[in-house]
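In: coordinates for the following, if possible.
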Amino acid sequence: MFGVFAGCGENSSTVLSLTAQADDAEAAEAEPTTALEKLNVRGKKNTHLLLGTGSVQGVYFPIGGVICRLLNRHKYLHRIRCSLESTGGSIYNLRQLREGNFDLVFAQSDWQHHAYHGTSTFKDEGANPELRSVFALESDPLALIVKSDSEIQSFDDLPERVVSFGYARSLQHRIINDLLAAKDWTDDTFKQVRRMSDTKQVGALCSDEVEAILLLGSSLDDYLRDLDDECKLRLVPIVGQEVDQVIGEKPFYRTGVIPAGLHLDSPEDIKSFGLGASFVALESTSPKAIYHVVKEIVENFKDFQSLHPSLKTLSKKELPYAGLSAPLHPGAIRYYREARLLKQ
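Out: Numbering: from 1, shown residues only. Next up, the predicted model:
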């Protein structure tokens, strides 16, 4: 996700198209026109919802923009006004949310977990028991890539081979380390583990310096867009009992699918796992406002999915569950129950 997860580049044409549609709808409803709307305006206090998103160049700023526009087009009915700010990402957002400077923020699934439990970067400030999940966004699964003619068909085929999982502190290397630990594998399991940057990995694979590389699904377009026609690559699934074990032990991980295509010789969608993205709030954030946020997302779900290719595989059923560590916000629970999206 997609903080470190800003890797998803935005699909600017669909973002602008949907934004324009929402702007038109908002302009059309800028003033109350019917007797009911005028009645709703009288004597009712506005609720202002401020969203913390991500960098302007990333995908979460335009997603936040569309959320606000969807809300604002009905602002004279539900009395909720929405605005947003670009930010430095997950860790900044979660700290500012705790300070009361935002009402709803984007957070990568692992940082949501650490903020709620007071671990990792949030150890000094302690747990934030008031943190509440609103909805899950797309997953950012690991992409294990080999040459098309490689004998490697599964992750279990990697022992005794030369591999690269990215540089030592890369996000994908940190994620795969949890899987390696679950499998009791070390560097000695492989012929060689080469630690290199993402920009070097694809070239090393094409020139047969390594036999398999690991990228984030969200970055495939960035690194494979200009792939030489002579270098044919394909994806390998990362699935199995140990993957299920890792997700069970660390619920901020989730399964995900990398759609067929994406400059690779993979005719079918490939299953893998990784982190995800989410929007979170505090328990004290207006239940009515959060209810309407979730309502707008669910009831405009196809348009919402068109924002970015990575949202294509997102399911409505995943919204209340996937990679969410903090409990659901009461306003979100209310709508999910109405829409029959909660299991209980």
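In: from residue 336, how far off is residue 157?
Out: 41 Å (CB to CB, to the nearest Å). All C-beta atoms are positioned from the backbone trio N, CA, C, and that covers glycine.
In: which of those two has more neighbours?
Out: The residue with more neighbours, out of residue 157 and residue 336, is residue 336; 22 against 15, by other CB atoms under 10 Å.
In: in a helix, that one, correct?
Out: Yes: counting by DSSP: H, G, I helix; E, B strand; the rest coil, residue 336 is located in a helix.
In: which residues sit in contact with it?
Out: Neighbouring residues of residue 336 by CB atoms under 8 Å, 6 or more residues apart in numbering: 294, 319-320, 328, 342.
In: what does the pLDDT read for it?
Out: As predicted, residue 336 sits at a pLDDT of 97.
In: re the thing from before, tell me the one of the contacts of residue 336 nearest residue 206?
Out: The nearest member of the contacts of residue 336 to residue 206, counting by CB to CB, is residue 319 at 38.6 Å.
In: which residue comes closest to the closest one once chain neighbours are left out?
Out: Counting by CB to CB, 6 or more residues apart in numbering, the nearest residue to residue 319 once its immediate chain neighbours are dropped is residue 135, at 4.4 Å.
In: what do you get for residue 199?
Out: Once flanking residues are discounted, residue 199 sits nearest to residue 223: 7.0 Å by CB to CB, 6+ apart.
In: send over the one helix or strand that neighbour maps to as PDB, restricted to the C-alpha atoms.
Out: In this assignment (DSSP states H and E), residue 223 forms part of helix 220-224. Written as PDB, here are the backbone C-alpha positions of helix 220-224 (Å, rounded to 0.1, in the frame of the first residue of the first chain):
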ATOM      1  CA  LEU A 220       5.500  -3.400 -10.700                       C
ATOM      2  CA  ASP A 221       4.500  -0.800 -13.200                       C
ATOM      3  CA  ASP A 222       7.300   1.500 -12.100                       C
ATOM      4  CA  TYR A 223      10.100  -1.100 -12.600                       C
ATOM      5  CA  LEU A 224       8.600  -3.200 -15.500                       C
END
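In: so what secondary structure elements neighbour it?
Out: helix 198-206 (3 or more CB pairs under 8 Å, 6 or more residues apart in numbering; DSSP states H and E).
In: just checking: what are the partner strands of whatever helix or strand comes next after the helix it packs on?
Out: Where DSSP H and E defines the elements, the next helix or strand beyond helix 198-206 is strand 212-216. According to DSSP bridges, strand 212-216 has the following sheet partners: strand 131-147 (antiparallel), strand 162-164 (parallel).
In: just the buried positions in strand 212-216, please.
Out: 212-216 (16 or more other CB atoms under 10 Å).
In: mind giving me a markdown table with those and columns for distance to residue 194 and pLDDT?
Out: Compiled in a markdown table, the buried residues of strand 212-216 are given as follows (distance: CB to CB, whole Å; pLDDT from 0 to 100):
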| residue | distance to residue 194 | pLDDT |
| --- | --- | --- |
| 212 | 10 | 98 |
| 213 | 9 | 97 |
| 214 | 11 | 97 |
| 215 | 14 | 94 |
| 216 | 18 | 92 |
